[in-house]
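Participant: Sequence plus predicted model, see below.
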Amino acid sequence: MSQGTKRNVTNVVASLLGYAVPLLVNFASTPYLIKSLGEDAFGIQVLVNVVIGYLALMDLGIGLPLIKYLAEDKAKGDMKSASELLGTTLVLYIGLGLAGMLVAMVASDYLANNFFSIPEHFRGEAKIVFQLAAAGFFATLLMGWGRSVAMGLQRYEVAYAISALSSVLGVGVGLYLIHAGFGVVGYVSSKVFFLFIAGLAYYVIYKVFLPEYNIAFRFNRSVMVRIRSYLTYGIIHRGVSGFTSSIDKTFLGIWVGAASVGVYSVPYMITNSVNYLVAAMLGYNFPSSSALHSTGEHEKLRKSVVNVSRYLVMLSCVIYLPLFLLGQSFLTLWIGEEFAIKTIFTFDILLLASFITLIFTAVMNSTMMGIGRVDVFTYYMIIKMIVFVMWCFFLIPSAGIEGAALSVLITCLVDVIYFGVVILRYLQIQFTYLFFKSYFKPLSLLLILCLVNMLFEKSIDSWLLLLSLFFVITAILVLLFLLFGVIHKKERDGMKKLLLLFFKKNILRFKGNAQGRNIDD
C-alpha cells in the first residue's frame, strides 16, 4: 500500500470516528435532555445553533482557501508561504470572532423577548443562552481555524480527535450541570467552554509539534491578495450556508414555537449528522482534487471523481438502508412511542432528502472547490437557498415540522440539476458513464432490498433485536455489493488481506496468551 493510500485510509477512519463519536454522544444524551429540560428548554438550546448559523456570515468562508492553499504549499514545500497563510488567517479569525460575538451580545435581549416565540417564564434563561451563543461563535471560529489547518495538512486524525473530544466533554459536563440544577444555561455554558479549550489545544499542538510552520499573530497583505478570489464567494457561501441551515428552524421558532424547534431538531440532527458523517469520510477529496488540478492531471482527476462517487454511493446505501427500514422502531426505542409517532413522517422525509443531497452533491462540491470553481458552488448554494426559503415560507405556517421537512425534500431538485451541470460542463464526464460506473448497481440493490422488506412485518421491542437487524441488513447489502461487482476486485483482495491480517494477529495473540498461562501453571 502506497504512502498516499495509507494517508487516505487514515483520513477516512479519522473522519469517521471524528463524526461518529459526537453523534453517539448526542444520541445517548438526547432522551435525557428532552426529559430533563422539557421540549421548550430543549428547543431554546437548539436555537443556539440557529444564532451561530446566522453569525457564520462573519467568518468570510476563510476555511476553504486555508485548506486549499495550505495543501498546495505543503505539496510544494513552501514553508514561508504556509506560515504567512496560517498567521494571517488566525488574526482574521480572532478579529471576526470578536466582532460577531459583540453583535450577538447586543441582539440577545431582542431574540429572547421579541423575535422567537418563547414562553414568558423561559425568556430570562433564553437571554443568557443567546449571550452564551455569542461567545460560542467566537470559540467556534477558533476551533474552525485549527481544524482547517489539520485538514490542509491532511492530518484528519488531529482535526477530528480534538473536536470530538471537545464535543464529548462539553455534553458530558453539561449533563452533569443539568443534573446539578443549572438547567439549559449550565448545559450551553459547558459546551461553549470546551469549544474554547479545543481552539486553544489546536494552537498549542501546532506551535509545539510543527515548528517548521512559524505561526505568528501577524497580518500579511500578500496573503489577502492570494485568497481574495475565495473571500468574495466565501462571504456569500458562508452567509447562504448559515441562512439555509437555520431558516427552517427560525420560521418554526417564530410561527410555531420553541418546542417545535426542539421536536424538529431530533430527526434533523440524526439525518444531518449521518449526511456529514458519510461526506466527512470522503473529505480528503477536496485537497486531493486541488493537488491533481494544480499539477494538470485532469484525466486522473476525472477517474478519481468516478471512483470516489462509487465509494460515496456504497457508503450511503450501507448506512442509510437500515435507517430507512428501521426508522420508526429506532425512534420508539430511543425517545418513546409517542415521540416516534409524532416525528416518523418528518424523519422519513428528511432521511430521503439527506440521502439524495449526499449522493448527488458531496463529491461534486469538494471537487469544484478543489479545482478553484468556488463561484459555481456559490451560485448553486444561492439558488438552493432561494428555493428552500420559498417553500419554507409557504409550507411551515400550515404544516409545521412536516412542512419544514417537505421543503427540504422539494429543494433536492436543485441538487440533481447541479450534479448534471457539474459533470457535463466542468468535469466533462459523460452522464451515462458516471451513472452506470458509480450509481446504477448500488442504487438498484438498495431499491430491491427496500421492496423485499415491504413483504415482512417487523415487531422490534429491544435494542438487541434492532442492532441485530441493523447488522444483518448491512451484511446482506455488502454481500450483494461483492457478488454484483460493486466492490472491485482489487478492493476485494485488499479486504481479504486486511481480514487475514486481523485474524492472524489475533490467533498469534491467543497462542501467546495460552503459552503464558501454561508457563504460569
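Facilitator: Now that the structure is in, tell me what you want to look at.

Participant: switch to C-alpha atoms for all contacts and neighbour counts from now on
Facilitator: Will do.

Participant: so where's this structure uncertain?
Facilitator: Residues of the chain meeting the criterion pLDDT under 70: 1-19, 56-59, 209, 233-234, 457-458, 491-521.

Participant: ok, 50 please
Facilitator: 510 (pLDDT under 50).

Participant: per-domain residue ranges of it.
Facilitator: What automatic domain parsing lists as the domains of the chain is 1-233, 282-504.

Participant: so the residue nearest to the spatial centre of the chain is in which element?
Facilitator: Using C-alpha atoms, centre = their mean, the residue of the chain that lies closest to the mean C-alpha position is Tyr276, 2.8 Å off. Secondary structure from DSSP states H and E places Tyr276 in helix 258-281.

Participant: Pull out the buried positions in the host helix or strand of Ile178.
Facilitator: Using DSSP H and E, Ile178 sits within helix 156-179. Residues of helix 156-179 classed as buried by neighbour count (16 or more other C-alpha atoms under 10 Å): 156-175, 177-178.

Participant: same for that helix, what does it pack against?
Facilitator: Taking 3 or more C-alpha pairs under 8 Å, 6 or more residues apart in numbering; DSSP states H and E as contact, the helices and strands that helix 156-179 lies on are helix 3-55, helix 123-152, helix 183-209.

Participant: closest to Arg373 out of those helices?
Facilitator: Of all the helices and strands packed on helix 156-179, the one in closest proximity to Arg373, counting by C-alpha to C-alpha, is helix 123-152 (17.9 Å).

Participant: tell me the secondary structure for the nearest residue to Glu402 once chain neighbours are set aside?
Facilitator: Distance criterion C-alpha to C-alpha, 6 or more residues apart in numbering; nearest residue to Glu402, sequence neighbours excluded, is Thr346 at 5.3 Å. Following DSSP: H, G, I helix; E, B strand; the rest coil, Thr346 is assigned to helix.

Participant: ok, now which ones touch Ile359?
Facilitator: With C-alpha atoms under 8 Å, 6 or more residues apart in numbering as the criterion, the residues that contact Ile359 are Ser309, Leu312, Val313, Ser316.

Participant: can these go into TSV with extra columns for distance to Asn272 and secondary structure?
Facilitator: As requested, those are arranged in TSV below (distance: C-alpha to C-alpha, whole Å; DSSP: H, G, I helix; E, B strand; the rest coil):
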residue	distance to Asn272	secondary structure
Ser309	19	helix
Leu312	16	helix
Val313	17	helix
Ser316	13	helix
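
Participant: mind putting the residues you listed in CSV, distance to Val408 included?
Facilitator: As requested, these are arranged in CSV below (distance: C-alpha to C-alpha, whole Å):
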residue, distance to Val408
Ser309, 23
Leu312, 21
Val313, 20
Ser316, 18
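
Participant: between those, which is nearest Phe182?
Facilitator: Proximity of the contacts of Ile359 to Phe182 (C-alpha to C-alpha) peaks at Ser316, which lies at 39.6 Å.

Participant: which residues sit in contact with the closest one?
Facilitator: Applying C-alpha under 8 Å, 6+ apart, the residues near Ser316 are Val278, Phe355, Leu358, Ile359.

Participant: could you point out which element follows the helix or strand where the last one lies?
Facilitator: Secondary structure assigned from DSSP H and E places Ile359 in helix 337-370. On the C-terminal side of helix 337-370, the closest following helix or strand by DSSP H and E is helix 374-421.

Participant: Just the angle for that following helix relative to helix 258-281, thanks.
Facilitator: Angular relation of helix 374-421 and helix 258-281 on a 0 to 180 degree scale: 80 degrees, by axes from the mean of the first three to the mean of the last three C-alpha atoms, to 10 degrees.

Participant: I'd like to know how far Gly144 sits from Leu96.
Facilitator: Using C-alpha to C-alpha, to the nearest Å, one obtains 12 Å as the distance from Gly144 to Leu96.

Participant: What of Asn214?
Facilitator: For Asn214, the distance to Leu96 (C-alpha to C-alpha) stands at 22 Å.

Participant: These two: which has the busier surroundings?
Facilitator: Leu96 (20 against 16; other C-alpha atoms under 10 Å).

Participant: give me the element the more buried one is part of.
Facilitator: Secondary structure (DSSP H and E) places Leu96 in helix 79-110.

Participant: Now that helix: buried residues?
Facilitator: Within helix 79-110, the residues that count as buried by 16+ other C-alpha under 10 Å are 79, 81-94, 96-101, 104-105, 108-109.

Participant: now for it, which elements pack on it?
Facilitator: The helices and strands touching helix 79-110, judged by 3+ C-alpha pairs under 8 Å, 6+ apart, are helix 3-55, helix 63-76, helix 123-152, helix 221-251.

Participant: rerun at 6 Å
Facilitator: Identification of packing neighbours for helix 79-110 by 3 or more C-alpha pairs under 6 Å, 6 or more residues apart in numbering; DSSP states H and E yields helix 123-152.

Participant: ok, back up a step: any idea how far the residue nearest to Glu402 lies from Ser29?
Facilitator: The span separating Thr346 from Ser29 equals 21 Å under the rule C-alpha to C-alpha.

Participant: What of Leu325?
Facilitator: As for Leu325, its distance to Ser29 is 24 Å (criterion: C-alpha to C-alpha).

Participant: burial count for Val452?
Facilitator: If you count neighbours by other C-alpha under 10 Å, Val452 ends up with 9.

Participant: any idea how far the helix or strand hosting it is from the chain center?
Facilitator: Following DSSP H and E, the helix or strand that holds Val452 is helix 440-453. The gap between where helix 440-453 is centred and where its chain is centred comes out at 26 Å by C-alpha atoms, centre = their mean, to the nearest Å.

Participant: can you pull the buried residues of it?
Facilitator: Taking 16+ other C-alpha under 10 Å as the basis for neighbour counts, the residues of helix 440-453 that come out buried are Lys441, Pro442, Leu445, Leu446, Leu449.

Participant: could I get stretch 226-243 in PDB with only the CA atoms?
Facilitator: Taking only C-alpha atoms (Å, rounded to 0.1, in the frame of the first residue of the first chain), the coordinates of stretch 226-243 have been written out as PDB:
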ATOM      1  CA  ARG A 226      -3.800  35.400  -2.600                       C
ATOM      2  CA  ILE A 227      -7.100  34.300  -1.100                       C
ATOM      3  CA  ARG A 228      -9.300  37.300  -2.100                       C
ATOM      4  CA  SER A 229     -10.900  35.400  -5.000                       C
ATOM      5  CA  TYR A 230     -12.200  32.900  -2.500                       C
ATOM      6  CA  LEU A 231     -13.200  35.500   0.000                       C
ATOM      7  CA  THR A 232     -15.700  37.200  -2.300                       C
ATOM      8  CA  TYR A 233     -17.500  33.900  -2.800                       C
ATOM      9  CA  GLY A 234     -16.700  32.800   0.700                       C
ATOM     10  CA  ILE A 235     -18.700  35.600   2.300                       C
ATOM     11  CA  ILE A 236     -21.700  34.700   0.100                       C
ATOM     12  CA  HIS A 237     -21.200  31.000   0.700                       C
ATOM     13  CA  ARG A 238     -21.000  31.200   4.500                       C
ATOM     14  CA  GLY A 239     -23.900  33.600   4.600                       C
ATOM     15  CA  VAL A 240     -26.000  31.400   2.400                       C
ATOM     16  CA  SER A 241     -24.900  28.200   4.200                       C
ATOM     17  CA  GLY A 242     -25.700  29.700   7.600                       C
ATOM     18  CA  PHE A 243     -29.000  31.000   6.400                       C
END
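
Participant: Pick the most buried one from the domains of the chain.
Facilitator: A comparison of the domains of the chain by mean neighbour count, using mean count of other C-alpha atoms under 10 Å, puts domain 1-233 on top with a mean of 19.

Participant: one step back: next, the angle from whichever helix or strand comes after the helix holding Tyr276 to helix 337-370.
Facilitator: Moving toward the C-terminus from helix 258-281, the first helix or strand encountered (DSSP H and E) is helix 285-294. An angle of 10 degrees separates the directions of helix 285-294 and helix 337-370 when computed by the same axes, to 10 degrees.
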